[in-house]
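Participant: Predicted model follows, preceded by the sequence.
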2 protein chains.
Amino acid sequence: MVAEDGIFLEPIGWVESTIVERSAAPKQADEGAPSARIVIRPELSDALRGLRAGTPVLILTWLHEAKRDVLAVHPRKDPNRPLTGVFATRSPDRPNPIGLHATVVERMERSAVVVRNLEAIDGTPVLDIKPVLGEIHER
Amino acid sequence: MVAEDGIFLEPIGWVESTIVERSAAPKQADEGAPSARIVIRPELSDALRGLRAGTPVLILTWLHEAKRDVLAVHPRKDPNRPLTGVFATRSPDRPNPIGLHATVVERMERSAVVVRNLEAIDGTPVLDIKPVLGEIHER
């Protein structure tokens, strides 16, 4: 085990969405989220080469409005559900509030990616884009 | 689009693994990775409540040996494959080298989680643990 100090990230881009308030965001993408545009820093646009309409991708975001000192929650804010550690839930409130969004590329632009059903609010920083892994022989 | 400065993360824990060198790590978990122990900061152990043996989880790691200035690679280091943007590959070398590992909890300890088939090297910082989402009615 190696002791490690802090880790510094810069967003690769930002979400442009019609969802502007956290209270209006669906809890998950398949619960009614709209398409959204991810604007990538122009100096990183070479990193998009190979993504195309139809590519299944995972978007990693920084949930910048989340509370980082919350360790346990009632899942989906339902008081009837037992208090559960945040690592056993998808609560945005957690020590490192990284959002993980499975979606599909709808359209590529020179320095932006339009994706389907993204439940992140407008202005959310984006940390990474990864393709969904296929079967071993397809990698 | 909101301009945002840097983002600061602290690991929630670290990987203990028999894999000690990057060259010895399988490229993906289902290509022969061993079980590993994730040691969580003791002050965060309440966040583990609800995880148990058999829970499918996603482990987010910080790939601390990755190169952050690489924008395109030949997938799987195969020179016959076309140069591809890192956002269209799972290369560890990328602007924000966050690793994403789908696995299953093998055993819980008070302040640690033992998981199956983790392709991260010993000492890798861990950023987050999330349950795999089930169907909508199970959330």
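Facilitator: That came through fine.
Participant: Stretch A:95-115: which residues count as buried?
Facilitator: Within stretch A:95-115, the residues that qualify as buried by neighbour count (16 or more other C-beta atoms under 10 Å in any protein chain shown) are A:95-101, A:103, A:105-106, A:108, A:111-115. For every residue, glycine as well, the C-beta is placed using N, CA and C.
Participant: can you give me the offset of that stretch from its chain's centre?
Facilitator: Distance of stretch A:95-115 from its chain centroid, counting by C-alpha atoms, centre = their mean, to the nearest Å, is 7 Å.
Participant: that older thread, among the buried residues of stretch A:95-115, which lie within strands?
Facilitator: Helix and strand membership here follows DSSP state E; of those, those in strands are A:98-101, A:103, A:105-106, A:108, A:112-115.
Participant: Of the residues you listed, just say which sits nearest to residue B:30.
Facilitator: Out of those, the one with the shortest distance to residue B:30 is residue A:100. That distance is 19.2 Å, counting by C-beta to C-beta.
Participant: What distance do you get for residue A:83 to chain B?
Facilitator: The gap separating residue A:83 from chain B is 7 Å, by C-beta to the nearest C-beta, to the nearest Å.
Participant: so what pLDDT did the nearest residue to that residue once chain neighbours are set aside get?
Facilitator: Among residues not flanking residue A:83 along the chain, residue A:72 sits closest, at 4.8 Å (C-beta to C-beta, 6 or more residues apart in numbering or on different chains). At residue A:72 the predicted local confidence, pLDDT, stands at 97.
Participant: tally of neighbours for residue A:72?
Facilitator: Taking other C-beta atoms under 10 Å in any protein chain shown as the criterion, the count of residues near residue A:72 is 19.
Participant: give me phi/psi at it?
Facilitator: With angles defined as degrees, to the nearest 10, residue A:72 sits at phi -150, psi 150.
Participant: Pass me the low-pLDDT residue ranges in chain A, would you?
Facilitator: A:1-5, A:29, A:134-139 (pLDDT under 70).
Participant: again, only using 80
Facilitator: In the predicted model of chain A, residues A:1-6, A:22-32, A:133-139 satisfy pLDDT under 80.
Participant: can you give me the strands for it?
Facilitator: A:7-9, A:13-16, A:36-40, A:56-62, A:72-73, A:84-85, A:98-109, A:112-115, A:125-131.
Participant: Compile those strands into CSV and extend it with columns for distance to residue B:127.
Facilitator: As requested, the strands of chain A are exported to CSV (distance: least, C-beta to C-beta, whole Å):
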stretch, distance to residue B:127
strand A:7-9, 8
strand A:13-16, 19
strand A:36-40, 21
strand A:56-62, 10
strand A:72-73, 19
strand A:84-85, 16
strand A:98-109, 6
strand A:112-115, 22
strand A:125-131, 10
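Participant: Quick one: closest of these to residue A:49.
Facilitator: strand A:98-109 (9.7 Å).
Participant: and the angle for the closest one with strand B:98-109?
Facilitator: When axes from the mean of the first three to the mean of the last three C-alpha atoms, to 10 degrees is applied, the directions of strand A:98-109 and strand B:98-109 differ by 150 degrees.
Participant: Report all helices and strands that strand A:98-109 contacts.
Facilitator: Packed against strand A:98-109, as judged by 3 or more C-beta pairs under 8 Å, 6 or more residues apart in numbering or on different chains; DSSP states H and E, are the following elements: strand A:56-62, strand A:112-115, strand B:56-62, strand B:125-131.
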